[in-house]
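need a 3D model of the following:
(chains A and B)
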There are 2 protein chains.
Amino acid sequence: MRAVVYHGARDLRVETVSDASIIDPTDAVVRVTHAAICGSDLWFYRGINVLEPGRRVGHEFIGVVEDIGPEVSGLRRGDRVIASMVIADGSCDYCLDGLPTNCRRGAFFAWPGIDGGQGEALRVPQAGGTLVRLPGGLPDDDPLLERILPLTDVLSTGHHAAMLSNVAPGSTVAVVGDGAVGLCAVQAAARLGADQIVLMGAHPDRLELGRRFGATDVVQARGAEGVAAVFQLAADGVHSVMECVGTQDSLDTAVAIARPGGHVGMVGAPHTNGQIDIGRIFRNNISVKAGIAPAQRYIADLLVSVLNGSLDVSPIFTSTVALADVVAGYEGMDSRRDIKVLVKI
Amino acid sequence: MRAVVYHGARDLRVETVSDASIIDPTDAVVRVTHAAICGSDLWFYRGINVLEPGRRVGHEFIGVVEDIGPEVSGLRRGDRVIASMVIADGSCDYCLDGLPTNCRRGAFFAWPGIDGGQGEALRVPQAGGTLVRLPGGLPDDDPLLERILPLTDVLSTGHHAAMLSNVAPGSTVAVVGDGAVGLCAVQAAARLGADQIVLMGAHPDRLELGRRFGATDVVQARGAEGVAAVFQLAADGVHSVMECVGTQDSLDTAVAIARPGGHVGMVGAPHTNGQIDIGRIFRNNISVKAGIAPAQRYIADLLVSVLNGSLDVSPIFTSTVALADVVAGYEGMDSRRDIKVLVKI
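Purely as a prediction, here's the structure:
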């Protein structure tokens, strides 16, 4: 079988690797039909995070269960499944508390010794707590699967931003960042009934897509100018701020535009020194929450909206590549030509 | 009438001032029977905050309504009242949302042009939204009033820490800081049914009082040693951390001891640069909330527990002074000989 293997910054190769197989009794083997490149994959692609050569990569995928360990419950061979971005057993105290991201036996795809999702197949540890069954009977090329695929990470993460920032019917919301997560956050907020959704970003085409996704206003300015623009749109700031970038600049902006009593939800993986305007937060009783999305907690709920057609973020996939062309997909995202790239295996 | 007047660092004087009188139709005049010195009063006493000379001080008091403006509703002359630490009209959108600390017509006692509570009487702006009626018929020297007085600020603030940090029945809790607010936070957490309450502080006598208030464990160590001690007591950290100091050290400790999925509530007025370990928060889906206590939102509820005897933080008043001796009260708190000082007018 073939899979994407990391050899260094800007050196990914599609190589023949050992066939995926069961090792632990809680494993499943999944034949991948759809994978995606995550914005966070660019960190190692660009050399900002350094991995050891030979590492498999990717953590967003849909596939079909091909083999199954004796201790996996709730899954059968032939099931169509989607992966939650985080590996979790589904049964420890943290998982039962809705925090699979802190599972006692948790792990991440593409960790040392753990397969990545960008390949023809992979071994999935803790399959029962990690994979979510999808409706059966769909052929591999059913376009519905491309609408479902974002649930694996990016859409669940956008929804998590809405949860962390208490998006509620009638509320005013701002999304900081017009990347794939930010765009998903816009639809997540619209789905939850937000009244005003301000999308802040740098790219006119992405802001335009944000409008199609439900943004009522877009702000292209950054820093103090961007903050002022939000206050023009929402006099006291917004109830809910979804921080979908992870830089110090975007965190500063997020804290600055929250309304008194408001909520900042940060889902951009932090690449900051963690400075926050604590005086502003204190004077205004603002909450700041940050976290990795517990995708398995959200997928079933969000899937209902995807299946009934009310939630469709698939336009974030601005290109589709074959496995052999995955490097072109990384290049497209690295250059920002693409918002997000789908890999049809 | 006589009141405490600020003339500079360590220069407070009890002076004759103009009699309190109605200026605005929303004012009341209150004859003060009980006042208290707040830990935050030490900031100007010590010269860390500089005020203009001549400023009245104090924001914690109980008294009797002596005069009332024509637009004040819900109060009559002769009513026994307790002040919420923050002046608010009770009718603006923020007040109706439970955020009197951001009232559109809000203010603070002892601001320029606004009387302080440490004196024989004062003008209370926005009296209808600021004062809370207490049971009638109590003589000025009823000891029950000394148990009620902390609701004006310190107990409401301790309770706010519990609200911000989601203290719930059966939860594990840590209180950072053994000052008056921290000690109140201990009782607030116990009242809400917390199972384990770890009090962190520096003073054996205060920690001992914390045990009487409901702390199940006390930790006298600070910094990394203190954090390690908490992890000895609660293997993964605690669900709820109540930060009751406001320094960078205590904020660091608070973030470090929160359990995955846990909550940090910061009510210590921040004197920090606002650095937080955002990576730890992100990996563990920890929330950080900070804020001034909306005392008027809590007083009625907490008063029930005070009246039925289940909530009594009055032992934090380690000294009682007459108005003429208020400077001795400040000295007692400044030297940490006293936890908190009651001023019987």
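
what about the residue located most distally from the centre of chain A, distance to B:S84?
Residue farthest from the centre of chain A, counting by C-alpha atoms, centre = their mean, is A:R283 at 32.6 Å. Using C-beta to C-beta, to the nearest Å, A:R283 is found at 16 Å from B:S84. C-beta coordinates here come from the backbone N, C-alpha and C atoms, glycine included.

and for A:A235?
In terms of C-beta to C-beta, A:A235 sits 26 Å off from B:S84.

and the closest residue to chain B within the stretch 1-150 of chain A, its phi and psi?
Residue of the stretch 1-150 of chain A nearest chain B, by C-beta to the nearest C-beta: A:N102 (3.9 Å). Per-residue torsions, A:N102: phi -120, psi 30 (degrees, to the nearest 10).

give the contact list for it.
By C-beta atoms under 8 Å, 6 or more residues apart in numbering or on different chains, A:N102 lies in contact with A:94, B:260-261, B:284-285.

helix, strand or coil for A:G210?
Under DSSP: H, G, I helix; E, B strand; the rest coil, the three-state class of A:G210 is helix.

measure how buried it is and give me the count.
For A:G210, the neighbour count with other C-beta atoms under 10 Å in any protein chain shown is 26.

let me know whether it touches A:Q220 as I believe.
No: the pair A:G210 / A:Q220 is not scored as a contact, 10.9 Å apart, by C-beta atoms under 8 Å.

which residues do these two both contact?
Both A:G210 and A:Q220 are contacted by A:G201, under the criterion C-beta under 8 Å, 6+ apart.

the residue farthest from the centre of chain A falls within a strand, correct?
No: using three-state DSSP, the secondary structure at A:R283 is helix, not a strand.

I'd guessed it sits against B:I292; true?
Yes: with contacts counted by C-beta under 8 Å, A:R283 reaches B:I292, the gap being 6.7 Å.

overlap in contacts, these two.
Joint contacts of A:R283 and B:I292 (C-beta under 8 Å, 6+ apart) are B:T101.

now whatever helix or strand A:G279 lives in: buried residues?
Following DSSP states H and E, the helix or strand that holds A:G279 is helix A:278-284. For helix A:278-284, the neighbour count (16 or more other C-beta atoms under 10 Å in any protein chain shown) marks A:278, A:280-284 as buried.

the helix or strand that comes right after it vs chain B: in contact?
Next along the chain after helix A:278-284, taking DSSP H and E as the criterion, comes strand A:287-290. Yes: in terms of C-beta under 8 Å from any C-beta of the partner chain, part of strand A:287-290 sits within range of chain B, namely A:287-290.

next one: the residue lying closest to A:R336 once chain neighbours are set aside from A:A229, what distance?
The shortest distance from A:R336 to any non-neighbouring residue, by C-beta to C-beta, 6 or more residues apart in numbering or on different chains, is to A:H203 (7.1 Å). From A:H203 across to A:A229, the span is 16 Å (C-beta to C-beta).

more neighbours: these two, which one.
More neighbours surround A:A229 than the other of A:H203 and A:A229, with 18 against 14 (other C-beta under 10 Å).

helix, strand or coil: sort out that one for me.
With three-state DSSP as the criterion, A:A229 reads helix.

all helices of chain A, in order?
A:41-45, A:93-96, A:127-130, A:144-148, A:154-164, A:180-191, A:204-213, A:223-233, A:248-256, A:278-284, A:295-307, A:326-334 (DSSP state H).

between the two ends of stretch A:150-159, how far is it?
Stretch A:150-159 stretches 11 Å from its first residue to its last (C-alpha to C-alpha, to the nearest Å).

ok, back up a step: looking at A:A235 and B:S84, which is more packed in?
A side-by-side neighbour count of A:A235 and B:S84, using other C-beta under 10 Å, places B:S84 first with 29 against 8.

that one and chain A, how far apart?
For B:S84, the distance to chain A equals 15 Å [C-beta to the nearest C-beta, to the nearest Å].

are any of the residues of strand A:287-290 next to chain B buried, and which?
A:287-290.

re the thing from before, contacts only, for the residue farthest from the centre of chain A.
A:260, B:101, B:291-292.

if we go to 10 Å?
A:260, A:277, B:101-102, B:269-270, B:290-292 (C-beta atoms under 10 Å, 6 or more residues apart in numbering or on different chains).

for A:V167, same thing?
By C-beta under 10 Å, 6+ apart, A:V167 lies in contact with A:159, A:161, A:173, A:185, A:188-194, A:197, A:239-242, A:263, A:265.

of those, list those near chain B.
A:239, A:263, A:265 (C-beta under 10 Å from any C-beta of the partner chain).

rebuild these as JSON lines, extending it with pLDDT and neighbour count.
Shown next, in JSON lines, are the ones next to chain B among the contacts of A:V167 (pLDDT from 0 to 100; neighbours: other C-beta atoms under 10 Å in any protein chain shown):
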{"residue": "A:H239", "pLDDT": "98", "neighbour count": "25"}
{"residue": "A:H263", "pLDDT": "98", "neighbour count": "25"}
{"residue": "A:G265", "pLDDT": "98", "neighbour count": "25"}
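
and these, which is closest to A:E120?
A:G265 (36.1 Å; C-beta to C-beta).

within range of chain B, give me the residues from the stretch 51-200 of chain A.
Checking the stretch 51-200 of chain A against chain B by C-beta under 10 Å from any C-beta, the hits are A:93-94, A:97-99, A:101-104, A:160, A:164.

same thing but at 7 Å, please
A:94, A:97, A:99, A:101-102 (C-beta under 7 Å from any C-beta of the partner chain).

who wins for most neighbours among those?
Neighbour max across those (other C-beta under 10 Å) = A:T101, 27 neighbours.

what's the nearest residue to it if we skip its chain neighbours?
Per C-beta to C-beta, 6+ apart, closest to A:T101 is A:I292, 4.5 Å.

do A:D338 as well
Distance criterion C-beta to C-beta, 6+ apart; nearest residue to A:D338, sequence neighbours excluded, is A:G332 at 3.6 Å.

that neighbour contacts A:K340, doesn't it?
No: the criterion here is C-beta atoms under 7 Å, and A:G332 misses it with A:K340 at 9.2 Å.

so between those two, which is more surrounded?
The neighbour comparison of A:G332 against A:K340 (other C-beta under 10 Å) goes to A:K340, with 27 against 18.

measure the more buried one to chain B for me?
21 Å.

in the sheet, who's paired with that residue?
With DSSP bridges applied, A:K340 shows beta-bridge pairing to A:F317.

surely it and A:P315 touch.
No: here A:K340 does not reach A:P315: they are 9.6 Å apart, not a contact under C-beta under 7 Å.

just to revisit the earlier point, quick one: which two of the residues of strand A:287-290 next to chain B are the most distant?
With C-beta to C-beta as the measure, no two of those lie farther apart than A:S287 and A:A290, at 10.7 Å.

for A:I23, which non-adjacent residue is spatially closest?
Using C-beta to C-beta, 6+ apart, the nearest residue to A:I23 is A:R123, at 6.3 Å.

burial of that neighbour, as a residue count?
Per other C-beta under 10 Å, the neighbour tally for A:R123 reads 21.
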